[in-house]
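Sequence and predicted structure, then a few things I'm wondering about:
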Amino acid sequence: MSNEVEHLVESQWSPKVVAFVCNWCTYTGADLAGTSRLKMEPNVRVIKLPCSSRVNPLFIIKAFERGADGVIVSGCHTGDCHYSTGNYHARRRFAILHDLLQFMGVEEDRVTFAWVSASEGNKWQQVVNETTARVKELGRFSVLQEHESGELR
Amino acid sequence: MTHKFLSNQGMASLVAKLIAAKTRVIAPVRAKDDPSQLDYQLIQSFDEAAFGVRLPRRSLKEFFLPPTEVLFHYRQTKTGVEIREVPTIAPPQVIFGATPCDVAALETVDKVMSWDYRDELWFGRRDATTIVTFLCSVMDSTCFCTAVGLGPESFTGSDVLLVPVAGGYLAHLVTERGEALLQSHGAEASEDTVARAETLCSEARSKVEPNLPVIPAEFAGWLASNFDNPVWKTVALRCHGCGACASVCPTCHCFDIVDEHESADEGVRRRNWDSCQTSQFTLHASGHNPRQSQSERFRQRIQHKFSIYPSRFGEILCTGCGRCSRSCPGGMDLPKLLGELVTLAQTEPEVSGQ
Amino acid sequence: MKELQDLARKLLSDGSVNVVIGYEAGPRGVRPAFITAPEQAPNLVFNIHCVQNLATYLNPRRKQITQLGKAAVVVKGCDARAVAGMLREKQIERGNVVIIAVRCGGVLQNPETDSELTKETASVRCASCTVREPKLFDHIVGELPPEPPVNTHRVEQITALERMSSAERWNFWTEQLSRCIRCHACREACPMCFCVKCTAEKTQPQWIDPSATPRANRAWQTMRVLHQAGRCVDCLECERACPEHIPLGLLARYVADAVERRFDFTASDDPSVAAPIGVYCTDDDEEFIR
């Protein structure tokens, strides 16, 4: 790519954010945000799952590997899980993942965990916009540049 | 074969010239994570090299067969599949300061790499490489190169073998490539220097020989007819099947082939190091695994290296470097074990087991 | 030591067990031993070179060992925790193993090169040991030695890492993991990695690329240590097995600390204590959640 074109592409770069959301609370909340025509940044790709506890840490890692610059993981508030205890289990798992990712050098703001209920359209809007802004500031996630290791040692 | 005397100064300037001419130079350097260990690495200046300190942790294998390498890129289009192959011509490189066990291994593996087809990636790099070996001075009690027909003074696989003498090295120009490398370097070697070098070579040999007697030629045959010997059931109980031995081994060369998608229609095909010691190595798609336990997998390792490969290619698939034993977390020790198996072969030479 | 040797002799003679898995002197120092006859009992040793976690050999899929029959295993406190983990997760049955615990005063970080236990040579994991007198056993042998000298090297490394910026930590791990060749020796040597089919081996879909690329190596190491959260006993076999000398112990310790900090849990040698991932408290911290 020529320098000019590269510069143009870079200045127009917008982060890709993947959101893993639970069907019962957050997805419905996001839907509400949409029907209420709340203004939201267009960077988030939503992936719907039955419950936040379905989120395997591998999903988050894979999202980053495949081009995500940021990830949102959101489910029901504790006590409100459609499956009673799913989000309690998820909370434990996410806590360790949150700490470990930081230890391995992933900036804390790249992964946002949230509880967004079905009636919290406004909160979803906030989560989306704030996450996008923070990730935009952090820039591209570096793992894409590292993939090819065809180099001899 | 001719000799030359190469002074310390001369060697430094040879390496500097190579680097200046953008030739890749690979030499043992102190490891960043542990300066007491050495790794073979690309160097940018002669000072980075550390000769005669100890055996580098990993072998030279990775410069010819990397732990992972792309075989081709593929892209699905509306009309078919586009394949973009990788270049098989490698940039010229010189390996400086290798040990005889590591370089002999390359010639041994050449045989399987040219057996049913010529592996262009392996030979692309082999053809581009000149190898300068040093007389080994870093042997320890786990080495056994002399037992497998080599030695710390072995020329096998080298283009030049350097023997350290006063003020520099006696350079044995083993091949034409070696002669070409030292064409404008070095001076005539005196008879004294040549004699001194010979003495040093036998002294080095005598340091390794006591570790393990030469493996008798009949051992390969004994292995072949003792596939069911009960000894295999107990000889590898402590083996984890981790494959660390295969990864550090200069002669192990098995690989797996995988396709990795980058997106829905693009990806790469890679080959990755693999090891017969892992439980899945012989796992069939049906679910059947002919080597179900570690005993069978370990038996395979010994059979392949000391019986099957020799029967096919005339060489033992082992150069006695001892890395397998040094790296084994389970405490397996190959020279000791070989000694025990050879003794068993000699005391019970007949076919054994059901 | 004699008490251990006598016990082994007795267990083998009276047929209580068919094999005693312990430690013996080998050509390269102490190595795992599989004693199947009473006459071999004098081979058994226990000293500061006994770093291996022998619980790994109880894995029911190690057919070459299970076919020997019922086993007794010699364990230090850390190893006993691994046995407890295997019992907790139903990999072995309590009645099928005889546990011989040894009172431990610490082991060496580098048993092949060092011979005395000091602040510099003691294993870094002994610094945080609370199970020098294991509670899970059928027999317990040995006198309780004095506390091991405290080697703070790893704590210092982790502290230094925590003080770095994200970018510096990212680069640190990129460099360390660049040596990973995906041999999975870490997994094979780990007593708690006993999945018949590891996540990394699954191909439909391939969650973790099997190739030794920077991003796949990162995914592999992250997932392995995550799967160990609350289960890892910090035996450091992973780090010892790694032919590329990657400091996996840093990851193991960091996650164990996170589990302790968040859930007040350390790997236990009591199989009835539930591991933290799999249970929950309604008031677990959620400050990191918006």
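Right, received. Where do you want to start?

Could I get the contacting residues of whichever residue of chain A sits closest to chain C?
Nearest residue of chain A to chain C (CB to the nearest CB) works out as A:G105 at 2.8 Å. C-betas here are computed from N, CA, C, even on glycine. With contact taken as CB atoms under 8 Å, 6 or more residues apart in numbering or on different chains, A:G105 is in contact with C:S166, C:A167, C:E168, C:R169, C:W170, C:N171, C:F172, C:W173, C:T174.

neighbours around the residue of chain C found nearest chain B, how many?
Relative to chain B, the nearest point of chain C is C:R31 (2.7 Å; CB to the nearest CB). Other residues lying near C:R31 total 20 when counted by other CB atoms under 10 Å in any protein chain shown.

Doesn't it belong to a strand?
Yes. Under DSSP: H, G, I helix; E, B strand; the rest coil, C:R31 falls within a strand.

quick one: it and chain A, what's the gap?
31 Å (CB to the nearest CB, to the nearest Å).

Just give the number of residues close to the closest residue in space to that residue that isn't next to it in sequence.
Computed as CB to CB, 6 or more residues apart in numbering or on different chains, the closest residue to C:R31 that is not its neighbour in sequence is B:G331, at 2.7 Å. Look at B:G331: counted by other CB under 10 Å, it has 19 neighbours.

Please apply the same query to the one 10 residues further on.
By the other CB under 10 Å criterion, the neighbourhood of B:L341 contains 21 residues.

wait, isn't it in contact with B:I302?
Yes. Counting by CB atoms under 8 Å, B:L341 touches B:I302, with 7.2 Å between them.

give me every residue that touches the residue nearest to C:R31.
Contacts of B:G331 (CB under 8 Å, 6+ apart): B:R238, C:G26, C:R28, C:G29, C:V30, C:R31, C:P32, C:Q52.

intersection of neighbour lists for B:L341 and B:I302?
Overlap of the contact sets of B:L341 and B:I302 (by CB under 8 Å, 6+ apart) consists of B:L223.

What number of residues are in the vicinity of A:V135?
Residues within reach of A:V135, counting by other CB under 10 Å, total 27.

out of everything not next to it in sequence, what's closest to it?
A:G70 (3.5 Å).

which strand residues sit across from that neighbour in the sheet?
Counting by DSSP bridges, A:G70 is bridged to A:V17.

quick one on the thing from earlier: among the contacts of A:G105, which ones are buried?
Neighbour counting with 16 or more other CB atoms under 10 Å in any protein chain shown marks C:S166, C:R169, C:W170, C:F172, C:W173, C:T174 as buried within the contacts of A:G105.

Let me see the backbone angles for the second one.
Same thing as C:R169. Phi and psi for C:R169, reported as degrees, to the nearest 10, are phi -70, psi -40.

any idea whether the residue lying closest to it once chain neighbours are set aside is helix, strand or coil?
In this structure, C:R169 finds its nearest non-sequential neighbour in A:G105, 3.7 Å apart by CB to CB, 6+ apart. Classification of A:G105 using three-state DSSP returns coil.

ditto for B:R299
helix.

Helix or strand for the closest residue to chain A within the stretch 1-150 of chain B, just tell me which one.
Per CB to the nearest CB, B:V70 is where the stretch 1-150 of chain B lies closest to chain A, at 5.2 Å. In this structure, B:V70 sits in strand B:68-76 according to DSSP states H and E.

What is that strand packed up against?
strand B:81-85, strand B:266-273 (3 or more CB pairs under 8 Å, 6 or more residues apart in numbering or on different chains; DSSP states H and E).

Take the ones you listed and lay them out in TSV including distance to chain C.
Converted to TSV, these look like this (distance: least, CB to the nearest CB, whole Å):
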stretch	distance to chain C
strand B:81-85	18
strand B:266-273	5
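
Of all these, which one is nearest A:L101?
Closest to A:L101 of the helices and strands packed on strand B:68-76, according to CB to CB: strand B:266-273, at 26.0 Å.

quick one on the thing from earlier: so which of the helices and strands packed on strand B:68-76 is the most packed in?
Highest mean neighbour count of the helices and strands packed on strand B:68-76: strand B:266-273, a mean of 19 (counted as mean count of other CB atoms under 10 Å in any protein chain shown).

how big is the angle separating that strand from strand B:68-76?
160 degrees (axes from the mean of the first three to the mean of the last three CA atoms, to 10 degrees).

so what strands line up beside strand B:266-273?
Here strand B:266-273 has these sheet partners by DSSP bridges: strand B:68-76 (antiparallel), strand B:255-263 (antiparallel).

Give me the buried positions along the last one.
Of the residues in strand B:255-263, those scored as buried under the neighbour-count criterion (16+ other CB under 10 Å) are B:F255, B:D256, B:V258, B:E260.

Next, the contact list for the residue positioned nearest the centre of chain A, please.
With distances taken as CA atoms, centre = their mean, chain A has A:V71 as the residue nearest its mean C-alpha position (1.8 Å). Applying CB under 8 Å, 6+ apart to A:V71 gives the contacts A:V17, A:V18, A:A19, A:F20, A:I60, A:A63, A:F64, A:R110, A:V111, A:T112.

Could you do A:E137 as well?
By CB under 8 Å, 6+ apart, the contact set of A:E137 is A:D109.

Let's see the pLDDT reported for it.
pLDDT recorded at A:E137 is 94.

And for A:H147?
A:H147 carries a pLDDT value of 50.

hang on, B:F96 in a strand?
Yes. Membership of B:F96 in a strand is supported by three-state DSSP.

re earlier: with C:A122 as the reference, measure out to the residue nearest to C:R31.
21 Å (CB to CB, to the nearest Å).
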